[in-house]
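Just a sequence and a predicted model for now, questions to come.
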Amino acid sequence: MDEMEPLIITATGGEYVSRAETPHVPCTVEEIVEETARCVEAGASIVHLHAKDPETGKPWRGDPNPILKEYVDRIRERVDVVINLTTGGGRVGNPLERWDELVRERCRLGAEMMSLNMGTMNRWMPHPTGEIFLNTLSMIERWCRYMVEAGVKPEHEVYDTGMINVCRMLAERGVVPEPLHVQFVMVGRTGFLPTPKTLLHCLDLIPESWSWSVCALGRHEIPMAAVAMTMGGHVRVGFEDNIYLRRGVLAESNAELVEKVVRIAKELNRPIATPGETREMLGLRKPSR
Ligand code: KMH
Ligand code: ZN
């Protein structure tokens, strides 16, 4: 069998997963830095982060940027990894008018990538910010422009096929440079069902030149990662999407989930991308601060 393209593994920290749900979720800056290093050691080349309350692990209710900046600076001192900050967090407790400024500033914290939801949707489970998450077309376009200006590559988070159309529109209008990198977020309920058939349909809708990754929630995380790896895509695993290593057994670290993916990848003949290879494959550049 021919050598397949290196697999880019994104590890997550845990967004709104708190210590009440799992005692293993990293919450303090120190814990997040050490957890990132463990995930990189296990094979992750990207880490995706939200600002967390260091005591509880819940989303930070104040200005998230100082916390995110500390994550970036401390991780950079500790380990080589591609840092991907969310644009989705930081809305709890912050008024709508403030979001734009927060995202603009966040593009200058030193992350190489930032995730951005490609539409407004109903949440699939209760959330502190309410029943929907809001991402209007004008917000999406503006925030993509902020990222491009700062040298940050957007990771386009898509939850249904309409959001794939939004990605195509942004590319056609030259808002973001080709090729795009998309994350198929398979949340079930209000968005994509986590099935191979859904993924096949998604792949029919994007140009071959785009890179893509899959994340699925709960018990679907690892099976859908295996499908994505088999089909030449990339994967995201970690507590943001799933806290279990196997049925009824909590993962003791995000790194255990990364290790699980690496074992499957080896059997599938997918080499694991280093952070350097990931930067090359995704065309990342050093961001301005
Ligand atoms: N929490 C995930 C289902 C983001 O942070 O920009 C979606 C996500 C989006 O990771
Ligand atoms: Zn996220």
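All right, it came through fine. Ligands and ions are numbered 1, 2, ... in the order given.

Every contact and neighbour count from this point should use C-alpha atoms.
Noted.

Can you show me the CA trace of stretch 239-255 as CSV?
Extracted C-alpha coordinates of stretch 239-255, given in CSV (Å, rounded to 0.1, in the frame of the first residue of the first chain):
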residue,chain,number,x,y,z
PHE,A,239,-12.5,16.6,26.0
GLU,A,240,-14.3,19.4,24.2
ASP,A,241,-16.1,16.7,22.2
ASN,A,242,-15.9,13.5,24.3
ILE,A,243,-14.6,12.7,27.8
TYR,A,244,-14.7,8.9,27.6
LEU,A,245,-11.9,6.6,26.6
ARG,A,246,-14.4,3.7,26.2
ARG,A,247,-17.9,3.0,27.3
GLY,A,248,-18.2,4.0,31.0
VAL,A,249,-14.5,4.8,31.4
LEU,A,250,-13.4,8.4,31.6
ALA,A,251,-10.2,9.3,29.7
GLU,A,252,-7.6,10.4,32.3
SER,A,253,-6.2,12.8,29.8
ASN,A,254,-6.8,14.2,26.4
ALA,A,255,-3.5,12.5,25.5
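
contacting residues around it?
Residues from elsewhere that reach stretch 239-255, judged by C-alpha atoms under 8 Å, 6 or more residues apart in numbering: 11-17, 22, 24-25, 35, 38-40, 42, 215-219, 221, 237-238, 256-257.

can you pull out the strands in the stretch 151-289 of the chain?
Applying DSSP state E, counting those that start in this stretch to the stretch 151-289 of the chain gives strands spanning 153-158, 181-186, 211-216, 234-238, 244-246, 249-250.

Tell me the strands beside the last one, with direction?
According to DSSP bridges, strand 249-250 has the following sheet partners: strand 244-246 (antiparallel).

What residues sit buried inside the strand it pairs with?
Neighbour counts over strand 244-246 (16 or more other C-alpha atoms under 10 Å) mark 244-245 as buried.

picking that back up, ok, and which of the strands of the stretch 151-289 of the chain has the densest surroundings?
strand 234-238 (a mean of 28; mean count of other C-alpha atoms under 10 Å).

got the contact list for it?
Identification of contacts with strand 234-238 by C-alpha under 8 Å, 6+ apart yields 7-14, 212-215, 221-222, 225, 228-229, 254-255, 257-258.

picking up where we left off before, need the strands of the stretch 151-289 of the chain in TSV (columns: mean pLDDT and distance to V262).
Listed next are the strands of the stretch 151-289 of the chain as TSV, based on pLDDT from 0 to 100; distance: least, C-alpha to C-alpha, whole Å:
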stretch	mean pLDDT	distance to V262
strand 153-158	98	22
strand 181-186	98	19
strand 211-216	98	15
strand 234-238	98	11
strand 244-246	98	14
strand 249-250	98	19
